[in-house]
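Peer 1: okay, sequence plus prediction incoming.
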Amino acid sequence: MLRLKVKLRFMVHHTSRRSPSKPLVRRLMSGLDWETVSRNSLSDDRLETQSLPNRSPPDSPDHSNSVFATDGARVRPSSIGHLVDHVIDDSPCQTFTNHKSASSTQANSISLDSTPSPDVTTDEQPPALPPKQSRRDPLTHNGRSQSQHELDEHLSELYNVPAPSGKSMNGAVPHDNLVLIKMRPDENGRFGFNVKGGADQRMPIIVSRVAPGTPADMCMPRLNEGDQVVLINGRDISEHTHDDVVMLIKASCEDQSGELILLVRPNAIYDVDEEQEKLDLEPDFQYIPEMSGLELSHSEADSLRSCIQLLRDGLSSGTVAAQFDQLYRKRPGMFMSCARLPQNVSKNRYRDISPYDTTRVVLKGTDDYINANFINMEIPGKGEVKRYIACQGPLPGTCSDFWQMVWEQSATLVVMLTTQVERGRVKCHQYWPNVSASGTYGGFQVTCVSEEGNSAYLLRDLTLTHLESKEERLICQMQYLAWPDHGVPDDSSDFLNFVSQVRSKRADAPEPVVVHCSAGIGRTGVLITMETAMCLIENGQSVYPLDIVRTMRDQRAMMIQTPSQYRFVCEAILKVYDEEIVKPCKTEPPVEKEE
C-alpha cells in the first residue's frame, strides 16, 4: 500500500509540473493482448446486422456518489473507470451550441459507471487500456454535479497531494498521465483530426494528424499527434474496430450537445514498423487538409475554388486515396436481414451485395423483395433532392420484379452501366426485347420502339404496358458501353458526355432514376457521384467527393467499389471544373443605394 501511495504521488507531481497540451517523453506501452481484442471485435459481417450501443444505456447503475460515502473508505484507483467516475462536470447549466471556435476544457469531464470486469495490474506498469465501461450521459445528471473546489479537495485527499488553490485541473487527470479534452465541431461538422488503429488492426487508437486552426487544434488542452484515445464520450474503445471509432466520433456531431469528450494518454508512441505505418491510413470525415496558404472566403465562389484546390492537392499527395480506403464500406448498425431470407437468397446476383432493410425498395404484394435501394442526394442552395434507385443488374428470374419496380416508382429513365457479358462472365441479363419486338415479364409487357447511339452509349425508347390495366408508359433506357472490362476508362470525356445526357433526359423530373451496373454499387456509385458533383458545381456549392460517397453508403452499402473508381471520379470532377463543362450559376451582386 505504501508503495502504491509513493507511486501515485510521483505521478500526480509529474503531471502537475507540465501543461497537458505539451508533448511528453515518448514511451513504449505494453500489456494489451491485441490477439484477444481482435478476436472479440466486430467482424465486417456482423457490422451489417449489429448496431452500436446507445450512448446512455437506460439500465446503467448509479454509482456517482459512491466516492462520497460516509464511511470514509477510500476507493483504490485501480482502473480508469474508478477514476473518471469521480470527475464530474462543473457546469450543469451550460448551453450547448455548435460553433467553430474551440471551447475551454478546464475542469470539464465525464461521469461513467464501471461494470464488473477483471482488473489486474502490476506494480511495474498500469493497465494499457481500461476495462469495459458502461457510460452514463453526464448531461442528464446535473443535479449531482459538484463544485470545482469540492472536486479538487476530494482528488487531493484521494491521492495525498495538496489541493490546488484557485486553479483548475486544466484537463489533467491524476492517473497514468491521462488528459481530458473537450471540443465541438466547426460549422462543417468537423473536428479537424485523424485517427488510426483499432481492434481490427491490432493497434490502439492513435491521433495521427491534427489540422491547424481547427477545433482539435484550438481546444485547451490541445489534442496532439501521437495521443492515444482511451475513451470517447465515456465509452471504452479498446475492443472497437476502426470503423466503430469513426462512427462514434461522427455521432458526437449529431448528438444534441454536439460535444466530443476524449480521454487520452498524451503522445503514446507504439512499436510499429514502417511498412505497417504506411498501411494505417486515416479516416475520412475527420480530415481537414492544410490550406497551403489558400485563404478561404465566405463567398460560395471562393468556397468552391478552395475545395477544388484541396481535391487537387489530395490527388497529388495521395491523401484522397488514403481517406477513401478508410471510409466504412457498410454503415454500422444497418440491417440486411431481408436479403438473407431463404426465399430471397436466389434473387441476389452476388452473395455479399445486399440492400439495407431501411432503404430497400419494397414491391407491392407478398413477394416484395428486390436487390435495390433508394438513394437521395440533396443539392444545397437549390432546395432540391436528386432521387435514384440503385440496383443490381436483373437476373433471368428477377426481370419481372425489375419492371414492377419501375412501374410502381413511376420511373421513366433507366441507366445501364454495363454490357451483358464482360470477360466471359454474364454481368446482366437482357431484361428488354430487341428492336421492334415485345416481351412479357410477369404482369408487364415491354416493347422496344427504337435504338440509336454510338460506340460509347445507346439510347432505347421502350413502352411499358401494365397488362391488367392496359396503361402504357414511355421509358428511356440509356446504356453506357465504353467502360472497359477491367479498371476504369483512361479518359473521362465519353463518360462525362454520357452523364450530361442523363442530366438532360432527367431534367427536373421528381421521379427517381433507376441506375444499375452488375452489382449496383461500383459504376452506379460513380455515376451518382458525378451527377451530384455537377449539380453542386452548377449551384456554386462546395464539392467534397468523400462526403458524397459517405451519403451514398449510408443508403446502400459499398457504393463506389474500388480506389481506382474513386480516383477516376475525382479526376473527372476536376476536369468538369477546369474545362467549365458545367459552369456555376452567376448571381447578380446587390445594388448599393447612394446616399
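Peer 2: Cool, got the structure.
Peer 1: is it true that S346 lies in a helix?
Peer 2: Yes - assessed with DSSP: H, G, I helix; E, B strand; the rest coil, S346 lies in a helix.
Peer 1: tell me the SS of M559?
Peer 2: Looking at M559 with three-state DSSP, the answer is coil.
Peer 1: use 24 as the first number from now on
Peer 2: Fine by me, first position is 24 from now on; the one you just mentioned is M582.
Peer 1: for it, grab the count of nearby residues.
Peer 2: By other CB atoms under 10 Å, the residues close to M582 number 26. Placement of C-beta: from N, CA and C, glycine included.
Peer 1: quick one: it from L327, how far?
Peer 2: Per CB to CB, to the nearest Å, M582 is found 24 Å from L327.
Peer 1: partners of the closest residue in space to R483 that isn't next to it in sequence in the sheet?
Peer 2: Nearest-residue entry for R483: Q500, 4.3 Å, with adjacent residues in sequence omitted and distances by CB to CB, 6 or more residues apart in numbering. Beta bridges link Q500 to V437, R483 when assigned by DSSP bridges.
Peer 1: counting neighbours, what do you get for Q500?
Peer 2: So Q500, with other CB under 10 Å, has 20 neighbours.
Peer 1: cool, and Y480?
Peer 2: By the measure other CB under 10 Å, the count of residues near Y480 is 20.
Peer 1: identify the residues contacting it.
Peer 2: M501, Q502, Y503, L504, A505, D517, F521, Q524 (CB atoms under 8 Å, 6 or more residues apart in numbering).
Peer 1: next up, phi/psi of it, please.
Peer 2: phi -160, psi 160 (degrees, to the nearest 10).
Peer 1: cool, R232 as well?
Peer 2: phi -160, psi 140.
Peer 1: so how far is S339 from it?
Peer 2: To S339, R232 is 17 Å away according to CB to CB.
Peer 1: compare those two (neighbour count), which wins?
Peer 2: Using other CB under 10 Å, the more surrounded residue of R232 and S339 is R232, with 18 against 9.
Peer 1: now that one, nearest residue through space, not along the chain?
Peer 2: Nearest to R232 is N217, by CB to CB, 6+ apart, at 4.1 Å.
Peer 1: got it, and I229?
Peer 2: Closest to I229 by CB to CB, 6+ apart is G220, at 5.2 Å.
Peer 1: ok, Q415 next?
Peer 2: In space, and not counting its chain neighbours, Q415 is closest to G543: 4.2 Å by CB to CB, 6+ apart.
Peer 1: ok so, going back, could you name the helices and strands sitting against the helix or strand containing the residue nearest to I229?
Peer 2: Element membership for G220, per DSSP states H and E: strand 216-221. Contacts defined by 3 or more CB pairs under 8 Å, 6 or more residues apart in numbering; DSSP states H and E place strand 216-221 against strand 226-233, helix 265-277.
Peer 1: follow-up on the earlier one: so the residue nearest to R232 sits right up against I229, yeah?
Peer 2: No - using CB atoms under 8 Å, N217 is not in contact with I229, being 9.5 Å away.
Peer 1: circling back: ok, the residue nearest to R232 to L283 distance?
Peer 2: To L283, N217 is 14 Å away according to CB to CB.
Peer 1: again with G476
Peer 2: G476 is 52 Å from L283, by CB to CB.
Peer 1: do C361 as well
Peer 2: On the measure of CB to CB, C361 and L283 end up 35 Å apart.
Peer 1: those two - which one has more neighbours?
Peer 2: L283 (25 against 17).
Peer 1: residue contacts, the residue nearest to that one when sequence neighbours are not counted?
Peer 2: Closest residue to L283 apart from its sequence neighbours, by CB to CB, 6+ apart: S275 at 4.1 Å. Counting by CB under 8 Å, 6+ apart, S275 makes contact with P208, F214, I255, N256, G281, E282, L283.
Peer 1: hmm, try it at 10 Å
Peer 2: S275 sits next to 78, 206-208, 212, 214, 255-256, 281-285 when contact means CB atoms under 10 Å, 6 or more residues apart in numbering.
Peer 1: can I get those residues in JSON lines with pLDDT?
Peer 2: Below are the contacts of S275 laid out as JSON lines (pLDDT from 0 to 100):
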{"residue": "R78", "pLDDT": "38"}
{"residue": "M206", "pLDDT": "92"}
{"residue": "R207", "pLDDT": "90"}
{"residue": "P208", "pLDDT": "90"}
{"residue": "G212", "pLDDT": "80"}
{"residue": "F214", "pLDDT": "88"}
{"residue": "I255", "pLDDT": "93"}
{"residue": "N256", "pLDDT": "90"}
{"residue": "G281", "pLDDT": "80"}
{"residue": "E282", "pLDDT": "89"}
{"residue": "L283", "pLDDT": "92"}
{"residue": "I284", "pLDDT": "92"}
{"residue": "L285", "pLDDT": "93"}
